[in-house]
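[1] Quick one: sequence plus predicted model below, questions after.
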Amino acid sequence: VQLVESGGGMVQPGGSLRLSCVASGFSFSGYDMCWVRQAPGKGPEKVSGINTGGGSTYYADSVKGRFTISRDNAKNTLYLQMNSLKPEDTGLYYCARDPYRGKRVPPSGYWGQGTQVTVSS
């Protein structure tokens, strides 16, 4: 199982980034997926999740209306479009298989290696 995230970087407040996660080694289309954020000095937070077909999504209140999760099962790829970024969005963002619905964070063994997002002026 391999999950490889990309697209992170440094951006000013109000800016946008699009994260991607390419999956391999398992049947991507058969799994719910999510994005987990690890902010400095804080515990992990599931910011968004999506079901196998993409028709059902979850967003943490902290990102609702600003982030959009999507997936392309033909490309084995998960996305997170992040708009109107705030300094509190800073952290490591991990793509993960998601055995849980709602806000529960999947075990770290389900995560990729992460991509850093820094929002600062």
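    Structure received. The model shown is predicted, which means the values in this text are computed figures rather than measured ones. Residues are numbered from 1 along each chain as shown.

[2] hey, let's count contacts and neighbours off CA atoms from now on
    OK.

[3] For the nearest residue to P87 once chain neighbours are set aside, give me its contacts.
    Using Cα to Cα, 6 or more residues apart in numbering and skipping residues adjacent in sequence, the residue nearest P87 is V119, 4.7 Å away. V119 makes contact with M10, V11, Q12, P13, L85, K86, P87, E88, D89, T90, according to Cα atoms under 8 Å, 6 or more residues apart in numbering.

[4] Pull up the per-residue confidence for the spatially most central residue of the chain.
    When Cα atoms, centre = their mean is applied to the chain, the residue found nearest the centroid is W35 (2.4 Å). Per-residue pLDDT puts W35 at 98.

[5] just checking, it touches K46?
    Yes. In this structure, W35 is within contact of K46 by Cα atoms under 8 Å, at 5.9 Å.

[6] Could you name every residue contacting both of these two?
    By Cα under 8 Å, 6+ apart, no residue touches both W35 and K46.

[7] Please produce a markdown table containing the contacts of V119, extended by secondary structure and distance to P106.
    Shown next, in a markdown table, are the contacts of V119 (DSSP: H, G, I helix; E, B strand; the rest coil; distance: Cα to Cα, whole Å):
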| residue | secondary structure | distance to P106 |
| --- | --- | --- |
| M10 | strand | 26 |
| V11 | strand | 28 |
| Q12 | coil | 30 |
| P13 | coil | 29 |
| L85 | coil | 24 |
| K86 | coil | 25 |
| P87 | helix | 25 |
| E88 | helix | 22 |
| D89 | helix | 20 |
| T90 | coil | 20 |
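
[8] residues contacting the closest residue to the residue nearest to the centre of the chain other than its chain neighbours?
    Once flanking residues are discounted, W35 sits nearest to C95: 4.7 Å by Cα to Cα, 6+ apart. With contact set as Cα under 8 Å, 6+ apart, C95 has these partners: L3, V4, E5, C21, M33, C34, W35, V36, L78, W111, G112, G114.
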